[in-house]
Structures are given as C-alpha cells and as structure tokens.
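Trainee: Task: produce atomic coordinates for the following.
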Amino acid sequence: MNYYQDITLLPDAEANLGFLWHKVYQQIHLALVENKVAEHSSAIGLSIPEYNSKADAKAFPLGQKIRLFAKEQAQLERLNLNSWLKRFLDYAHITSIKAVPDKVDKFVCFSRKQVKGKARIEKDITRSAQHQSTKFNLPYEECVNTLRKRPKASFQEEKLPFITVTSLSSGEGDNGAKNKFRLFIVMKKATKESTGTFNCYGLSSQSVEENASVPWF
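Mentor: Take a look at the predicted model:
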C-alpha cells in the first residue's frame with residue numbers, strides 16, 4: 001500500500017463517536033461496494049490508528065481516526081470520499097491523499113470476527129429442533145431443550161471493538177427491513193506486508209489463506 005487518506009471524526013454534544021462511526025463508516029462501505037474490483041472485493045484497505053481492544057479502556061475503543069490505503073493514488077481519487085461524506089463534513093475532517101512514509105516498517109491486519117447474537121442463536125436452535133423432531137420422531141420441545149444445553153447455544157457478549165452497520169441486503173428482518181448489526185473488528189500484528197484480499201468493509205478477507213495487511217504508523 002503506497003497511498004493513504006485520513007478521516008478524523010469530530011464529535012459534539014449532539015453526535016457522539018459511536019453515532020459518527022456508524023454514519024461515516026456506512027458511507028465508506030457504500031463507496032467501497034460502488035468501487036469494488038470483484039465480487040465482495042476491494043482494492044482499498046482500512047486502518048484504525050487509535051484502535052484499542054482493552055475492555056477497561058475509558059476512551060472510545062475505535063478512536064476518532066479512519067485511515068484508507070490503496071496501492072495507487074488514482075484508486076483513492078476515484079473513491080472520492082468528499083462526495084460520499086458531504087452530509088457529514090461538519091463532523092469529519094478529510095485530508096488530502098498522501099504517500100505512505102518510506103520509513104514505515106510495521107504492518108497490521110484488521111479483520112472481522114463473526115459473532116452470533118441472541119436472535120441468530122435462537123433461530124438456529126429452532127431450525128435444528130424442527131429438523132431433529134421430524135427426522136427422529138422426537139418431541140419438538142425436547143429437541144429445543146437439548147440443543148440449548150450445548151456450549152455454543154449460550155450467548156456470550158463479545159468485548160471486541162465494533163462498528164454498528166446497516167445491512168445492504170434486503171429481507172434481513174422478519175418484515176423485510178434492513179437490519180443493523182455489530183461488525184466486530186480484530187487487529188493483529190503482521191510480520192510483513194501481505195497482499196491478500198480486502199472485502200468491501202475495507203477489512204482483510206477471511207476467504208483467502210493470506211491475510212491482507214496495511215502499514216501501521
């Protein structure tokens with residue numbers, strides 16, 4: 001990654017950081033989808049320079065800064081962040097596109113951690129219970145109770161930093177409305193720069209063997 005562009009979020013009494021992350025990141029996601037290079041793939045990677053995964057951190061765990069990387073300056077120019085974020089320019093400062101400093105020798109990988117919420121776990125249990133009840137001729141409630149006793153059937157709240165995102169696909173909810181979900185983010189150090197695939201969230205794709213890293217500075 002040779003070029004980058006920073007977005008600094010500017011919260012106030014009416015718009016806190018969590019709200020701004022949701023609104024701004026949603027627009028970034030839409031921009032990456034619009035400029036994707038293949039199905040679910042982006043040439044642009046995202047970094048969170050102030051990321052803090054410590055559960056006892058008092059400050060907002062994602063901080064105020066979003067950094068986007070690309071191999072070519074033209075890729076960030078085509079993304080045109082100012083256009084996508086024009087409604088939020090009072091709350092987001094966007095820098096010009098800059099070259100990554102030559103002295104940078106650290107790299108990190110940001111990826112998504114899939115976490116099932118209570119509603120998804122319950123839905124999986126009822127679906128499996130219906131299947132088992134029909135297949136083995138067992139009482140439905142008995143199958144439900146058995147499945148709920150399994151370790152993976154209990155919901156454990158994830159402590160990782162997350163971004164609230166609205167699903168772009170329709171039909172997610174019972175009424176066909178678009179749902180909001182928590183996009184949990186993991187940051188891992190990389191021993192070297194790697195050229196894996198980014199998804200349209202700007203995160204390292206988990207469908208490939210090699211992770212996609214970004215410069216860390």
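
Trainee: Model confidence for residue 117, exactly?
Mentor: pLDDT recorded at residue 117 is 59.

Trainee: Which strands and helices lie in contact with the worst-scoring helix or strand of the chain on mean pLDDT?
Mentor: Every helix and strand of the chain was ranked by mean pLDDT, DSSP states H and E. The lowest is helix 118-136, at a mean of 79. On a contact count with 3 or more Cβ pairs under 8 Å, 6 or more residues apart in numbering; DSSP states H and E, helix 118-136 meets helix 140-148. Where C-beta positions appear, they are placed from N, C-alpha and C, glycine not excepted.

Trainee: Show me what the helix or strand just after the helix it packs on is in contact with.
Mentor: Sequence order places strand 162-166 as the next helix or strand after helix 140-148, per DSSP states H and E. With Cβ atoms under 8 Å, 6 or more residues apart in numbering as the test, strand 162-166 has contacts from 18, 21-22, 25-26, 29, 62, 178-185, 201.

Trainee: Now the two most distant members of these.
Mentor: 62 and 178 (22.5 Å; Cβ to Cβ).

Trainee: Give me the more crowded residue out of these two.
Mentor: residue 62 (22 against 13; other Cβ atoms under 10 Å).

Trainee: In contact with the more buried one, which residues?
Mentor: Taking Cβ under 8 Å, 6+ apart as the test, what residue 62 contacts is 17, 21, 48, 50, 51, 52, 161, 163, 185.

Trainee: switch the cut-off to 10 Å
Mentor: Residues in contact with residue 62, defined by Cβ atoms under 10 Å, 6 or more residues apart in numbering, are 9, 17-18, 21, 25, 48-53, 161-163, 185.

Trainee: just the residues you listed now: which is nearest residue 89?
Mentor: For these, the nearest to residue 89 is residue 9 (11.6 Å; Cβ to Cβ).

Trainee: What is the burial count for the closest one?
Mentor: 23.

Trainee: and what of the one 5 residues further on?
Mentor: The burial count assigned to residue 14 is 7, neighbours taken as other Cβ under 10 Å.

Trainee: What residues does it make contact with?
Mentor: Going by Cβ under 10 Å, 6+ apart, the list of residues near residue 14 reads residue 91.

Trainee: if you set the cut-off to 6 Å instead, what comes out?
Mentor: Shown in contact with residue 14 (Cβ atoms under 6 Å, 6 or more residues apart in numbering): no residues.

Trainee: in this protein, which strand has the most residues?
Mentor: Across the chain, the longest stretch assigned as strand under DSSP state E is strand 180-190.

Trainee: what's downstream of that strand, the next helix or strand?
Mentor: strand 214-215.

Trainee: If the residue most central in space within the chain is in a bridge, with which residues?
Mentor: The residue lying closest to the centre of the chain (Cα atoms, centre = their mean) is residue 183, at 4.4 Å. With DSSP bridges as the criterion, residue 183 is bridged to residue 163.
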